[in-house]
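Participant: Structure, please.
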Amino acid sequence: MVAIIPENLQVYVRGVILVTDLVSHMSYVDMFNFFVFCVFTVFYSYQLYFVFHVLTHKVKPRVAKKNHRYAVVISARNEAAVIGDLIHSIRMNNYPQHLIDIFVIADNCTDNTAEVAKNAGAIVFTRFNKQYVGKGYALTYGFKRIKEQYGENGYEAYFVFDADNVLDVNYFREMNATFDNGAKASTSYRNSKNYDSNWISAGYAVWFLRECKYLSQARLLLNTSCAISGTGFFISAELIDRAGGWKWHLLTEDIEFSADTILHGEQISYTPTAMLYDEQPVTFRDSWNQRFRWAKGFYQVFGRYGLGLAKGFFTNPKGHRFACFDMFVTIAPGMLLSILTFTINGMVALLTTLGVMSFGVAVTTCLQSMFFCVFNYTLIMFSFGALTTFTEWDNIHAPASHKIRYMFTFPAFMLTYIPIALVALVKRAEWKPIAHTISVDVETLTKGEQKAAA
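Facilitator: Numbers count the residues shown, from 1 in each chain. Coordinates of the predicted model:
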């Protein structure tokens, strides 16, 4: 009696045989490369959907029914050249000024930052501590002093800025609308006040614009949680009180706060209509030091929160499971996996060529894998940089020719993360301040753009 196999089962069996035959002809290196490809596809392909969703959907405007009371907290270390501009931009904001108090933590300063801030109208706390160094510890000190001395003022939320920032005139009005609509925390649109300094500052600027447009805005549209990015955000007094003050002290305290907040089931919002301008490094030394600290900080956050976020895929208390997955991918050391792939293929190609070992792998296969590893990363970064430049064209304050030029240098800027990620894996990091010297106001920036466009 001849068994009759259903047609769909025959297709399945042929598929299994085909895959088995394919695997039998694959070398260990081929399988490793295929595994890496699958990992990146599974973990990062959703960000392509983010791009599609942003391009096809609009953010609904928010309207506030009430103006709320806020405290602004600024950690400043030798920022006398720029901090006056930030305080001035806050005081010029289209928002009731009696509802905003400005606090500056002059942290281990050796210049007259405290005097400049006080003369500009801020309440200044001076802090000298060489043991606990960094923005996180300065914020802890500042929040404690505010609670002790000004707790009766009833602040409903706290804004955190870096001293080199300047704000759009409607910044607080737009962020207030987000808070009034129920957000416990929100980040804002991070622009650059020195995009046109050189390829390094332009690289930073494009990266942050891409982060705002195609990560934060996508998360907002999809009603999942965003992540705080360094500066330009508010946190509700409720969250600060629940945490007992500012308790996040890793090298990237912003990402640590984001991971911890998401793990506790809270959602971080985004306000695309609230724009701030941030000064970017212009020397490679400063850029290396800053991004080295960031890379080390991401490793720290992954080590402390990675497992909890992975568990959160299935058990997040308020159903924000995708937010846990998204945050896990954000802090995961994907760059190291790319570097490992490149290295393994390079070693196998070299050893096979020298005759030291033979895995039946053609040298050309390994070399092709190494080439495409770099080529694909460069192509992806160029694509993101070009897309961001064109969609955010009007917000980039530089001549058109410079915008086009820096589209092509952006991949080179991103490739410099490779050695940074490697060194951060083995070298101890310390907080090194970045000098900020560009004094400018928002009106100057916008006028400069109009002049360049003319």
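
Participant: ok, and the closest non-adjacent residue to residue 169?
Facilitator: In this structure, residue 169 finds its nearest non-sequential neighbour in residue 94, 5.3 Å apart by C-beta to C-beta, 6 or more residues apart in numbering. Where C-beta positions appear, they are placed from N, C-alpha and C, glycine not excepted.

Participant: Kindly apply the preceding question to residue 257 instead.
Facilitator: Leaving aside its chain neighbours, residue 257 sits nearest to residue 248 (4.6 Å; criterion: C-beta to C-beta, 6+ apart).

Participant: What residues of stretch 181-193 count as buried?
Facilitator: Neighbour-count burial for stretch 181-193, with 16 or more other C-beta atoms under 10 Å as criterion, is recorded at 183, 184, 185, 186, 187, 188, 189, 190, 191, 192, 193.

Participant: Can you flag which of those residues belong to strands?
Facilitator: Using DSSP state E, the members of the buried residues of stretch 181-193 that fall in strands are 185, 186, 187, 188, 189, 190, 191, 192.

Participant: Take the residues you listed and write them to CSV, including distance to residue 280 and pLDDT.
Facilitator: Shown next, in CSV, are these (distance: C-beta to C-beta, whole Å; pLDDT from 0 to 100):
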residue, distance to residue 280, pLDDT
185, 24, 98
186, 22, 98
187, 17, 98
188, 17, 98
189, 15, 98
190, 10, 97
191, 10, 97
192, 5, 96
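
Participant: Using CSV, lay out the residues you listed together with distance to residue 69.
Facilitator: CSV is the format used below for those (distance: C-beta to C-beta, whole Å):
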residue, distance to residue 69
185, 17
186, 16
187, 20
188, 19
189, 23
190, 25
191, 27
192, 30
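
Participant: so which of these comes closest to residue 143?
Facilitator: Residue 143 lies nearest to residue 185 out of those, by C-beta to C-beta, at 14.4 Å.

Participant: The closest one reaches residue 237, doesn't it?
Facilitator: No. Using C-beta atoms under 8 Å, residue 185 makes no contact with residue 237, being 11.1 Å away.

Participant: which one of the ones in strands among the buried residues of stretch 181-193 is nearest residue 256?
Facilitator: Nearest to residue 256 among these is residue 185, at 13.5 Å by C-beta to C-beta.

Participant: tell me how far stretch 320-327 is from the chain's mean position?
Facilitator: Centre-to-centre, stretch 320-327 and its host chain are 16 Å apart (C-alpha atoms, centre = their mean, to the nearest Å).

Participant: residue contacts, the residue nearest to residue 169?
Facilitator: 169, 170, 172, 173 (C-beta atoms under 8 Å, 6 or more residues apart in numbering).

Participant: Now the buried members of those.
Facilitator: Among the contacts of residue 94, those classed as buried by 16+ other C-beta under 10 Å are 172, 173.

Participant: Can you convert the contacts of residue 94 into JSON lines and add a column each for secondary structure, distance to residue 376 and pLDDT?
Facilitator: Shown next, in JSON lines, are the contacts of residue 94 (DSSP: H, G, I helix; E, B strand; the rest coil; distance: C-beta to C-beta, whole Å; pLDDT from 0 to 100):
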{"residue": "169", "secondary structure": "coil", "distance to residue 376": "42", "pLDDT": "96"}
{"residue": "170", "secondary structure": "coil", "distance to residue 376": "41", "pLDDT": "97"}
{"residue": "172", "secondary structure": "helix", "distance to residue 376": "42", "pLDDT": "98"}
{"residue": "173", "secondary structure": "helix", "distance to residue 376": "43", "pLDDT": "98"}
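
Participant: The contacts of residue 94 into TSV, with extra columns for distance to residue 109?
Facilitator: Listed next are these as TSV, based on distance: C-beta to C-beta, whole Å:
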residue	distance to residue 109
169	29
170	31
172	27
173	32
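
Participant: And the contacts of residue 94, which is closest to residue 162?
Facilitator: Of all those, residue 162 sits closest to residue 172, with 16.7 Å by C-beta to C-beta.

Participant: ok so, going back, next, give phi and psi for the residue nearest to residue 257.
Facilitator: For residue 248, the backbone dihedrals (degrees, to the nearest 10) come out as phi -100, psi 120.

Participant: So what's the residue count around it?
Facilitator: When neighbours are defined as other C-beta atoms under 10 Å, residue 248 has 21 of them.

Participant: so who does it touch?
Facilitator: Residue 248 touches 136, 254, 256, 257, 260, counting by C-beta under 8 Å, 6+ apart.

Participant: Just confirm the second one is within a helix.
Facilitator: Yes. The assignment for residue 254, made by DSSP: H, G, I helix; E, B strand; the rest coil, places it in a helix.

Participant: Let me see the contact set for it.
Facilitator: The neighbourhood of residue 254, defined by C-beta under 8 Å, 6+ apart, consists of 227, 228, 229, 230, 231, 233, 248.

Participant: Can you convert those into JSON lines and add a column each for pLDDT, distance to residue 341 and secondary structure?
Facilitator: Output for the contacts of residue 254, formatted as JSON lines (pLDDT from 0 to 100; distance: C-beta to C-beta, whole Å; DSSP: H, G, I helix; E, B strand; the rest coil):
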{"residue": "227", "pLDDT": "96", "distance to residue 341": "26", "secondary structure": "coil"}
{"residue": "228", "pLDDT": "94", "distance to residue 341": "31", "secondary structure": "coil"}
{"residue": "229", "pLDDT": "88", "distance to residue 341": "28", "secondary structure": "coil"}
{"residue": "230", "pLDDT": "88", "distance to residue 341": "30", "secondary structure": "coil"}
{"residue": "231", "pLDDT": "95", "distance to residue 341": "34", "secondary structure": "coil"}
{"residue": "233", "pLDDT": "98", "distance to residue 341": "35", "secondary structure": "strand"}
{"residue": "248", "pLDDT": "96", "distance to residue 341": "33", "secondary structure": "coil"}
